[in-house]
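Colleague: what follows is a predicted protein model with its sequence.
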Amino acid sequence: MGQRSESIEIGTIEFPINPNYIMKFASTRIVLLALALSNADFLVQARDISKPNIVLFLVDDLGYGDVGFYGATGVETPNIDALASSGLMFTDAHCTAATCTPSRYSLLTGEHAFRQEAKVLDGDATLIIEPGSWTLPSMLKNSGYATAIVGKWHLGLGDSTSGVDWNDEVKPGPLEVGFDYSFLLPSTGDRVPCVLVEGHRVVGLKPDDPIQVDYNERLGGLPDGFNNPELLRYAADSQHSGTIINGVSRIGYMDGGKNAHWVDEELPFLFNDKSEAFIEENKDQPFFLFYSFHDIHVPRIIHPQFMGSSSMGPRGDAIAQVDWCVGEVVKMLDARGLREETLVIFTSDNGPVLNDGYEDQAIEKLGSHNPTGGFRGGKYSLYEAGTKVSTILNWPGKVAAGKSDALLSQIDLGASLASLIGQDIKKGAAIDSIDYMDTWLGKSKTGRLELILEGYGLALRRGKWKYVMPVERDPYYDWVMEDKGIEHGRMRDAQLFNLETDEKEEENVASKYPKVVEVLERRLNSLVTGTRGYERP
Ligand code: NG6
Ligand code: CA
């Protein structure tokens, strides 16, 4: 790239009113005109689909290359592939962060998590979404939707001043931030407490056996991974060597609540049952189901029905398990005649990881399967595979089958879905969320002009460039990760990649293009310190 094109692009960076925006308006009009001409009955639908049901399948730690349609080789995913082949498959759609808590925070609030310094939470952390603030579910609820979350939460429970009491009402939580119904795995499968929470109550808890949780000190009765390794199904690293529940040592310590302990292998069936019950109950009104998988996060404890269904051991079997769950819910939508009035989104909360604390053979049995789809990095990292995730939108009769290469982010689902159902977002709410509904629906090819990604530090994608800010290395955690083969990407120097010529981010060209680095760094800083979020098209 010569000096000329560099200065042109820097010019573009300084002026957010980019010709792309003009193109977007032009192309939207062309698409609308084409639709009006080619599909005369588009506007005369028998059913009112101005408020379609929304089912959001968010898988945990599923990589870009982990499903069949995106190139998986070690596991078959016929149900997810069916959604992709009859829907719109995105090749450059991103979750907002390379780990769970910040990713989900941004998805639900439309605000980047770094604005609240939200990081991966422990299992006794309190709620990090402000009750009463704008959220995707509250927006939908206020527009007449029945809203539910089933599965992993990981956004904290309880009030920050009084903490969480597992033995009483567990609140505030999802019911206080926009969900009508919740059935939760509170944080992660590898963290205590290993109990499920329905509404405000721990499921199955007996008053004479209260739950105690401690993230620092070992508690009385239950064995732990340090002292009783003979009880374990999988060997674990030292972070995951706390209390043993169901043959798996977890992060942190708990005691009591025996009758409430979950059985890992039953979770997929439980989550499906709860999801299907919610659909059944609300099938006559618009509903939003956030099916938030725990699979394929560690510990990967597979139900016997799916054991050995991939060539990759538990990690692959967990993918097959997810595929079955997705298939059952879609079948139910079909059986109830709801498919054409239901917009289904399938995606993941962050990129893939193999060894994330337990020796479950994810590395040894990988074979030719490439979880990242060939992109660099994975969970935790700011390289593309940290946040570029397999993403499908399926809406029969409304969204044509196809592929979109537009740059999109889950952070935009809030503003996009609000626009789909004609809801305004008041100033100051969901500040980083932009309405890209036309692109999500395949009516436009215009994606984001710029996008912040969160991992260790931040990266800014803008046009063909990706700038990764320098961060201090952490001698202990860097080693913990490197020891497991995880590329965290923490670097003391700035990194710059030209994704047009180097989509695998093999060459850091920061020293070749210092001016680009300077301008992108400035732009990133202004987005971070600004209070208005991105410029809107
Ligand atoms: C990390 C855990 C990892 C996983 C992750 C959260 C260690 C060394 N690693 O801190 O095992 O639990 O947190 O994953 O403790 S996430 O998908 O929910 O973000
Ligand atoms: Ca995750």
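Modeller: Okay, I see it. Ligands and ions are numbered 1, 2, ... in the order given.
Colleague: in this structure N246 contacts L267, no?
Modeller: No. N246 lies out of contact with L267 (CB atoms under 8 Å); the separation is 10.6 Å. C-beta: built from backbone N, CA, C; applies to glycine.
Colleague: looking at those two, which is more packed in?
Modeller: The neighbour comparison of N246 against L267 (other CB atoms under 10 Å) goes to L267, with 22 against 15.
Colleague: just checking, what packs against the longest helix seen in the chain?
Modeller: If you go by DSSP state H, the chain has its longest helix at helix 314-335. Using 3 or more CB pairs under 8 Å, 6 or more residues apart in numbering; DSSP states H and E as the contact test, the elements touching helix 314-335 are strand 53-59, helix 78-85, helix 267-282, strand 342-348.
Colleague: ok, the nearest residue to P102 once chain neighbours are set aside to G457 distance?
Modeller: Distance criterion CB to CB, 6 or more residues apart in numbering; nearest residue to P102, sequence neighbours excluded, is A113 at 3.3 Å. To G457, A113 is 13 Å away according to CB to CB, to the nearest Å.
Colleague: which of the two has more neighbours?
Modeller: Neighbour count, other CB under 10 Å: between A113 and G457, A113 has more, with 23 against 17.
Colleague: list the contacts of the more buried one.
Modeller: A113 is in contact with 96-97, 101-103, 105-106, 454, counting by CB atoms under 8 Å, 6 or more residues apart in numbering.
Colleague: quick one: closest of the helices and strands packed on helix 314-335 to L121.
Modeller: strand 53-59 (16.6 Å; CB to CB).
Colleague: what's the neighbour count on the residue in the chain that ligand 1 sits nearest to?
Modeller: Nearest to ligand 1 in the chain, going by CB to the nearest ligand atom, is C100, at a distance of 3.0 Å. Neighbourhood size, C100 [other CB under 10 Å]: 25.
Colleague: isn't it up against G351?
Modeller: No. C100 is not in contact with G351 according to CB under 8 Å; the separation is 11.2 Å.
Colleague: L107 touches L136, doesn't it?
Modeller: Yes. Applying CB under 8 Å, one finds L107 in contact with L136, separated by 7.1 Å.
Colleague: and for the two, which residues touch both?
Modeller: Both L107 and L136 are contacted by 413-414, under the criterion CB under 8 Å, 6+ apart.
Colleague: and the strands in the stretch 151-300 of the chain?
Modeller: In the stretch 151-300 of the chain, the strands defined using DSSP state E, counting those that start in this stretch lie at 181-185, 197-198, 201-202, 212-214, 244-245, 248-249, 253-255, 287-292.
Colleague: what distance do you get for the spatially most central residue of the chain to H200?
Modeller: The chain has D349 as the residue nearest its centroid, 1.9 Å off, counting by CA atoms, centre = their mean. Counting by CB to CB, the separation of D349 from H200 is 24 Å.
Colleague: repeat that for L222.
Modeller: For L222, the distance to H200 - CB to CB - is 25 Å.
Colleague: same check, this time on N525
Modeller: Distance from N525 to H200, by CB to CB: 42 Å.
Colleague: which one's more surrounded, the two?
Modeller: Remark: of N525 and H200, H200 carries more neighbours, 16 against 13, as counted by other CB under 10 Å.
Colleague: which stretches of the chain have low pLDDT?
Modeller: 1-48, 537 (pLDDT under 70).
Colleague: how about a cut-off of 50?
Modeller: Along the chain, the parts satisfying pLDDT under 50 run over 1-46.
Colleague: for it, what lies in contact range of ligand 1?
Modeller: Proximity of the chain to ligand 1 (CB under 6 Å from any ligand atom) is limited to residues 60-61, 99-100, 120, 154, 188, 190, 239, 251, 297-298, 350, 356-357, 480.
Colleague: hmm, 5 Å instead?
Modeller: Where the chain comes near ligand 1, counting by CB under 5 Å from any ligand atom, the residues are 99-100, 120, 188, 190, 239, 356-357.
Colleague: for the residues you listed, which one is nearest ligand 2?
Modeller: Nearest to ligand 2, judged by CB to the ion, of these is C100 at 3.7 Å.
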